[in-house]
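Enquirer: Below is the structure, and that's it, no one-letter string:
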């Protein structure tokens, strides 16, 4: 863990627990699906890991799976859960609700193409008009995080969000190289602890990266 700066805002970015669609391998995006029993237990486990941390605010994606996870991790804290669409998962457009394996097969030629692009080109690449690019996801997500950091200097904020957002953020900030965290590489209820002055981000701890 890196040295902390108490003058900065500390944010815990937590992925929601496993959902029924996660379990079934269905493309979810900004559609929703309830947490499984395993997902509820994952959220409870993370709640116990974070129970001694004093949070000054709690933010969540407005999607139900994230809000349910937030409610569990909140425990007895007397804090309102503030929701934001900017914390939502990437939108997959017309592919939401369809089998993930079919999605991968349909776009395999584009996955191969992206590997040949520069980092800048890969960030802006769109698999389809109705699917968000990495650049679009990170743009709204980081803007929201910066607003939190400015609003809560020297404070600690819990943020319940989605795997795509956290993975893209970790690649964008240089924690790993671009493309090293594909879909499925960040665990349900895993989290990243970061600090920010409202402009820059400093990764303190990451728990949840799965070996591919």
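Expert: Arrived safely, thanks for sending. These numbers were taken from a predicted model, which means no experiment stands behind them. Residues are numbered from 1 along each chain as shown.
Enquirer: going forward, measure contacts between C-alpha atoms and count neighbours the same way
Expert: Noted.
Enquirer: what's near enough to touch residue 61?
Expert: Residue 61 is in contact with 67, 83, 84, 85, 86, 87, 88, 160, 161, 162, counting by CA atoms under 8 Å, 6 or more residues apart in numbering.
Enquirer: Show me those that map onto strands.
Expert: Here DSSP state E is the test, and the contacts of residue 61 give 83, 84, 160, 161 as lying in strands.
Enquirer: my guess is the last one contacts residue 87, does it?
Expert: Put plainly, it is residue 161. Yes: in this structure, residue 161 is within contact of residue 87 by CA atoms under 8 Å, at 5.6 Å.
Enquirer: Overlap of the contact sets of these two?
Expert: Joint contacts of residue 161 and residue 87 (CA under 8 Å, 6+ apart) are 60, 61.
Enquirer: Looking at those two now, which is surrounded by more residues?
Expert: A side-by-side neighbour count of residue 161 and residue 87, using other CA atoms under 10 Å, places residue 161 first with 30 against 27.
Enquirer: mind checking how far that one is from residue 147?
Expert: 16 Å (CA to CA, to the nearest Å).
Enquirer: Check residue 60 too.
Expert: As judged by CA to CA, residue 60 and residue 147 stand 14 Å apart.
Enquirer: who's more crowded, those two?
Expert: Just comparing residue 60 and residue 147: by other CA under 10 Å the higher neighbour count belongs to residue 60, 30 against 13.
Enquirer: Could you check how far the strand with the most length in the chain is from the centre of its chain?
Expert: Looking across the chain with DSSP E, the single longest strand is strand 186-196. For strand 186-196, the separation from the chain centroid amounts to 7 Å (computed by CA atoms, centre = their mean, to the nearest Å).
Enquirer: what packs against it?
Expert: strand 9-15, helix 37-49, helix 163-172, strand 201-209 (3 or more CA pairs under 8 Å, 6 or more residues apart in numbering; DSSP states H and E).
Enquirer: quick check: mean pLDDT across it?
Expert: Throughout strand 186-196, pLDDT has a mean value of 98.
Enquirer: That strand pairs with which strands?
Expert: Pairing partners of strand 186-196, with direction, according to DSSP bridges: strand 9-15 (antiparallel), strand 201-209 (antiparallel).
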